[in-house]
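A.B. asks: With the sequence up front, the predicted model follows.
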Amino acid sequence: NAGVTQTPKFRVLKTGQSMTLLCAQDMNHEYMYWYRQDPGMGLRLIHYSVGEGTTAKGEVPDGYNVSRLKKQNFLLGLESAAPSQTSVYFCASSLVQSSGYTFGSGTRLTVV
Amino acid sequence: DQQVKQNSPSLSVQEGRISILNCDYTNSMFDYFLWYKKYPAEGPTFLISISSIKDKNEDGRFTVFLNKSAKHLSLHIVPSQPGDSAVYFCAASARVGNEKLTFGTGTRLTIIP
């Protein structure tokens, strides 16, 4: 039972480079989320999806794009990475929005 | 506007003693509250929750207390163990509207052997 799987686990990017973070869940959850965790800032929601083919902005969406072409996958893209995007990124999924989030183990991204 | 606040960034407690982590919220629509625990290099995992119809929920060494009039909840860990050292996040939601969880900024708990 994999739950929520994030790839890659670590990545170093140069400023201006692009990349995509992949999140996959095998629990048939409708809702999926991308968070970033920074010291003293807690978990901040970047984008989320309420179902296949849908996406919506969270608290800190600037500089990121997302896609949910398949129910089980939620991709987070950085088109032109900036040092301010150095962070730990967590994907989560849930059956309902109001409880029961399952998180992945995170992606540590460093932008130099 | 931080709707869920954890005012203590860190807390150190002696092994065997009680750990008390606090959380305050401002949104009166919140009716469901959760605590998540996070170890380094891992994602947060669910620990315990409480509905607004209750003022206490217990699960082994963990008890969550809710004071709706004060918009305050707390997590008690008794007795504290070294494995409890982690970051704890408080979260809240409005279940009636199926609203997303809103997370606090976290408290780093260190249990001193």
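C.D. replies: Perfect, thanks for sending it.

A.B. asks: Put the alpha carbons of stretch A:48-63 into PDB.
C.D. replies: Extracted in PDB, the C-alpha atoms of stretch A:48-63 (Å, rounded to 0.1, in the frame of the first residue of the first chain):
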ATOM      1  CA  TYR A  48      -5.100  22.000  -5.200                       C
ATOM      2  CA  SER A  49      -7.500  19.800  -7.300                       C
ATOM      3  CA  VAL A  50     -11.000  18.700  -6.500                       C
ATOM      4  CA  GLY A  51     -11.000  16.100  -9.100                       C
ATOM      5  CA  GLU A  52      -9.600  14.900 -12.400                       C
ATOM      6  CA  GLY A  53      -9.200  17.800 -14.900                       C
ATOM      7  CA  THR A  54      -9.600  20.500 -12.200                       C
ATOM      8  CA  THR A  55      -7.100  22.700 -10.500                       C
ATOM      9  CA  ALA A  56      -7.400  25.800  -8.200                       C
ATOM     10  CA  LYS A  57      -5.000  28.300  -6.600                       C
ATOM     11  CA  GLY A  58      -4.100  28.100  -3.000                       C
ATOM     12  CA  GLU A  59      -2.400  30.500  -0.700                       C
ATOM     13  CA  VAL A  60       1.000  30.900  -2.600                       C
ATOM     14  CA  PRO A  61       0.400  29.900  -6.300                       C
ATOM     15  CA  ASP A  62       2.700  32.400  -8.000                       C
ATOM     16  CA  GLY A  63       5.600  30.800 -10.000                       C
END
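
A.B. asks: Chain B contacts on chain A?
C.D. replies: A:4, A:33, A:35, A:40-43, A:45, A:48, A:90, A:92, A:96-106 (Cβ under 8 Å from any Cβ of the partner chain). For every residue, glycine as well, the C-beta is placed using N, CA and C.

A.B. asks: What subset of those is buried?
C.D. replies: Neighbour-count burial (16 or more other Cβ atoms under 10 Å in any protein chain shown) applied to these gives A:4, A:33, A:35, A:42-43, A:45, A:48, A:90, A:92, A:97-104, A:106.

A.B. asks: how about the closest residue to residue B:31 other than its chain neighbours, what does it touch?
C.D. replies: Closest residue to residue B:31 in three dimensions, ignoring its sequence neighbours and counting by Cβ to Cβ, 6 or more residues apart in numbering or on different chains: residue B:52, at 4.0 Å. By Cβ atoms under 8 Å, 6 or more residues apart in numbering or on different chains, the residues touching residue B:52 are B:30-33, B:66, B:68.

A.B. asks: So which of the residues you listed belong to strands?
C.D. replies: B:32-33, B:66 (DSSP state E).

A.B. asks: what about the strands in chain A?
C.D. replies: For chain A, applying DSSP E gives strands covering A:4-7, A:10-13, A:19-25, A:31-38, A:42-49, A:56-57, A:64-67, A:73-78, A:87-94, A:102-103, A:107-111.

A.B. asks: got those strands as TSV, with mean pLDDT columns?
C.D. replies: TSV is the format used below for the strands of chain A (pLDDT from 0 to 100):
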stretch	mean pLDDT
strand A:4-7	97
strand A:10-13	96
strand A:19-25	97
strand A:31-38	96
strand A:42-49	95
strand A:56-57	96
strand A:64-67	98
strand A:73-78	98
strand A:87-94	97
strand A:102-103	98
strand A:107-111	97
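
A.B. asks: Tabulate those strands (TSV), appending distance to residue B:12.
C.D. replies: Formatted as TSV, these follow (distance: least, Cβ to Cβ, whole Å):
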stretch	distance to residue B:12
strand A:4-7	31
strand A:10-13	30
strand A:19-25	34
strand A:31-38	22
strand A:42-49	20
strand A:56-57	38
strand A:64-67	36
strand A:73-78	35
strand A:87-94	23
strand A:102-103	26
strand A:107-111	26
